[in-house]
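Visitor: 3D, please:
(one chain, ligands or ions: 1)
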Amino acid sequence: MIEKYTVRNLNNKLIQITNGNGIYLYSKGKKILDTTAGGTSFAVLGWNNKEINKSITRQLKKFHHLDYKTFKDDNVEELSKILLSKAEHKLDTVYFSGSSGGEACEAAMKLSYLKHCADGNNSKVWFIGRNQSYHGVGTDALSIAERPTMNIYKPLFPIKRSRIEQHHYLKERLDGETEEEYAVRSSNLLEKEILKIGPEKVSAFIGETIMGGLVGDVPPVKNYWKYIKKICEKYNVHLILDECYCGLGASGKIYCCDYDKITPDFIFVAKTLTAGHIPLSAVVTKKKFINKIVKKFGKILHSTTFQGHSLGIAAALAAQKIIHQKTVLQNINNNGNYLKQVLVDELKNHEFFFDVRGRGLRLSFEYNCNDKNKFGITLSNRMLEKHNILLNSKWHRVCLTPAYIITKSQCDLVLDKLIKEFKNLSDSWK
Ligand SMILES: Cc1ncc(COP(=O)(O)O)c(C=O)c1O
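Guide: Presented below is the predicted three-dimensional model:
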């Protein structure tokens, strides 16, 4: 789509916004309740948050950015301490990798490779991802993911990359297969792939902790990540978890993988880090890895101009101080569970119902009908036009990823309108 001077990659009508406040966006006199957290689930503390705005302004008065590798900024260390403070896993250090999630993904891949090289395992150059995943738009991040709309770039992909099947019990289970049997079979796909490539050649396995971006908020079955971790350890393959979308509170815990009681080797985070205020991403990992890399190479052989951007760090510091409060995490869990439960209770017997799933405030409601994409778009349009509720419908599902500050009465309003419009629309959708 081309405006007068600007190219964008969307073909839907853009919504003109004048300002935001709390969970609401304002458009031409209309007050819109946003269940998308800014369209792509990043504005997790809503808009016009006084603490974050103050922190950014205070930083701006000092300096807007100083190079991460050259200058000391006390905010960086304070932020890392907070980011590690509620972790149940055992990762103990933070590397600020750049602006975007895609950059963080590629930084984690490079750190994984560097660590193997530091150990003398220079042949570990393969990376394995999963189908139905997304980790960013760089060719390396795309090459271990599966985003059909980007298939045109396949000829540009690095070659030592492979993928295994998605992890999705409801879609992939065999007849009569229990969750435990599926956990074993699904994780064994990784072992088979490692053996096919040769364990001495595989650097890392990469996955979103809950499959989010494409299939929509599919939590793993119990023990899946434990089995994956065991396989990774057996073959000295790193486990890299992508928590750009599901991390830093979104799942109801600071780290989504803490539900699965594992310590991966790397977790990368981005969009929720500054609650969307300034682009910033980070890789959480092990001090001993970094020490080994630095001992071997003298430094981390990776750098970007805006890594650890001082304004981003200031924004993240204020955002994470809020997110790490017990009451905020409780709100995410209470309202997430409530949204899920009411949707299940009200719609489970509806002929279009497939499932409602997710963790915390990362939820998807999937339906089965003709032309699901059109159904979703029509549903979203009705919610916006009739009720001033912004709803993200994607292909086969409605996503509910509101800001963590959503209240129970706002949830009630969304549920009431969504359930009614869903039923009304489906009555005419035969
Ligand atoms: C799970 C996941 N990983 C990585 C990314 C890439 O983040 P970015 O767009 O900041 O590069 C996204 C973006 O939507 C995502 O959802």
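Visitor: How about the secondary structure of Asn21?
Guide: Of the three states, Asn21 takes strand under DSSP: H, G, I helix; E, B strand; the rest coil.
Visitor: and it, how far is that from the ligand?
Guide: 25 Å (CB to the nearest ligand atom, to the nearest Å). Every C-beta, even on glycine, is put in place using the N, C-alpha and C of the backbone.
Visitor: residues in contact with that residue?
Guide: Gly46, Trp47, Asn48 (CB atoms under 8 Å, 6 or more residues apart in numbering).
Visitor: in the sheet, who's paired with it?
Guide: Per DSSP bridges, the residues bridged to Asn21 are Tyr24.
Visitor: Narrow the contacts of Asn21 to those that are buried.
Guide: Buried subset of the contacts of Asn21 (neighbour count, 16 or more other CB atoms under 10 Å): Gly46, Trp47.
Visitor: Closest one of the contacts of Asn21 to Lys230?
Guide: Gly46 (40.4 Å; CB to CB).
Visitor: Wait, the closest one touches Gly20, no?
Guide: Yes: contact criterion CB atoms under 8 Å: Gly46 and Gly20 qualify, at 7.0 Å.
Visitor: What parts of the stretch 51-200 of the chain come near the ligand?
Guide: With CB under 6 Å from any ligand atom as the criterion, the stretch 51-200 of the chain comes near the ligand at residues Ser100, Gly101, Gly102, Tyr134, His135, Gly136.
Visitor: Apply 8 Å and report the result again.
Guide: Contact residues, the stretch 51-200 of the chain versus the ligand (CB under 8 Å from any ligand atom): 99-105, 133-138, 141.
Visitor: So whichever residue of the stretch 101-250 of the chain sits closest to the ligand versus Asp242, what's the distance?
Guide: Closest residue of the stretch 101-250 of the chain to the ligand, CB to the nearest ligand atom: Gly101 (2.4 Å). Distance of Gly101 to Asp242, given as CB to CB, to the nearest Å: 7 Å.
Visitor: Between those two, which is the more surrounded one?
Guide: Between Gly101 and Asp242, counted using other CB atoms under 10 Å, Asp242 has the larger neighbour count: 33 against 30.
Visitor: Grab the nearest non-local neighbour of that one.
Guide: Nearest residue to Asp242, sequence neighbours excluded (CB to CB, 6 or more residues apart in numbering): Glu208, at 4.5 Å.
Visitor: cool, and Asp265?
Guide: His238 (4.0 Å).
Visitor: Quickly list what that neighbour is bridged to.
Guide: Ala204.
Visitor: What about it, how many residues nearby?
Guide: For His238, the number of neighbouring residues by other CB under 10 Å comes to 26.
Visitor: Walk me through the domains of the protein.
Guide: Under the assignment automatic domain parsing, the domains of the chain span 19-34+326-427, 52-323.
Visitor: could I get the ones you listed as TSV with mean pLDDT?
Guide: Output for the domains of the chain, formatted as TSV (pLDDT from 0 to 100):
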stretch	mean pLDDT
domain 19-34+326-427	97
domain 52-323	97
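Visitor: Comparing these, which comes out most buried?
Guide: Per residue and on average, the most neighbours among the domains of the chain fall to domain 52-323, with a mean of 20 (mean count of other CB atoms under 10 Å).
Visitor: Quote the end-to-end distance of that domain.
Guide: Across its full length, domain 52-323 reaches 12 Å end to end, with CA to CA, to the nearest Å as the criterion.
Visitor: My guess is Gln132 contacts Val215. True?
Guide: Yes: judged on CB under 8 Å, Gln132 makes contact with Val215 at a distance of 4.7 Å.
Visitor: Overlap in contacts, these two.
Guide: Gln166, His168.
Visitor: residue ranges for the helices of the protein, please.
Guide: Taking DSSP state H as the criterion, the chain carries its helices at 50-62, 74-85, 101-118, 139-143, 169-172, 179-197, 224-234, 287-297, 310-323, 326-347, 372-387, 408-427.
Visitor: so can I have CSV of those helices showing distance to Ile262?
Guide: Formatted as CSV, these follow (distance: least, CB to CB, whole Å):
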stretch, distance to Ile262
helix 50-62, 31
helix 74-85, 16
helix 101-118, 16
helix 139-143, 22
helix 169-172, 18
helix 179-197, 12
helix 224-234, 5
helix 287-297, 16
helix 310-323, 22
helix 326-347, 20
helix 372-387, 34
helix 408-427, 31
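Visitor: which bits of the stretch 201-350 of the chain sit near the ligand?
Guide: 208, 212-213, 242-246, 268, 270-271, 279, 281.
Visitor: ok, the residues you listed vs Lys54, which is closest?
Guide: Pro279 (19.6 Å).
Visitor: OK, contacts around the nearest residue to the closest one once chain neighbours are set aside?
Guide: Nearest non-adjacent residue to Pro279, counting by CB to CB, 6+ apart: Ser99, 3.8 Å away. Residues near Ser99 by CB under 8 Å, 6+ apart: Pro279, Leu280, Ser281, Thr304, Phe306, His309, Gly312.
Visitor: what's the answer for Ala403, then?
Guide: Contacts of Ala403 by CB under 8 Å, 6+ apart are Gly22, Ile23, Asp34, Ala37, Ala43, Val44, Leu45, Gly46.
Visitor: Mind checking which of the residues you listed are in strands?
Guide: Among the contacts of Ala403, the members found in strands (DSSP state E) are Asp34.
Visitor: if we can go back for a sec, mind checking how far the residue nearest to Pro279 is from Gln320?
Guide: For Ser99 relative to Gln320 (CB to CB), the value is 17 Å.
Visitor: Next up, the contacts around the residue most central in space within the chain.
Guide: Residue closest to the mean C-alpha point of the chain, counted by CA atoms, centre = their mean, is Tyr245 at 1.4 Å. Each residue near Tyr245 by CB under 8 Å, 6+ apart is listed here: Ser41, Gly101, Glu208, Gly212, Gly213, Lys271, Thr272, Arg362.
Visitor: excluding its backbone neighbours, what's nearest Val269?
Guide: Closest to Val269 by CB to CB, 6+ apart is Gly247, at 4.6 Å.
Visitor: Could you do Ala118 as well?
Guide: Nearest to Ala118 is Lys296, by CB to CB, 6+ apart, at 3.8 Å.
Visitor: Please name the residues that touch that neighbour.
Guide: Taking CB under 8 Å, 6+ apart as the test, what Lys296 contacts is Leu114, Cys117, Ala118.
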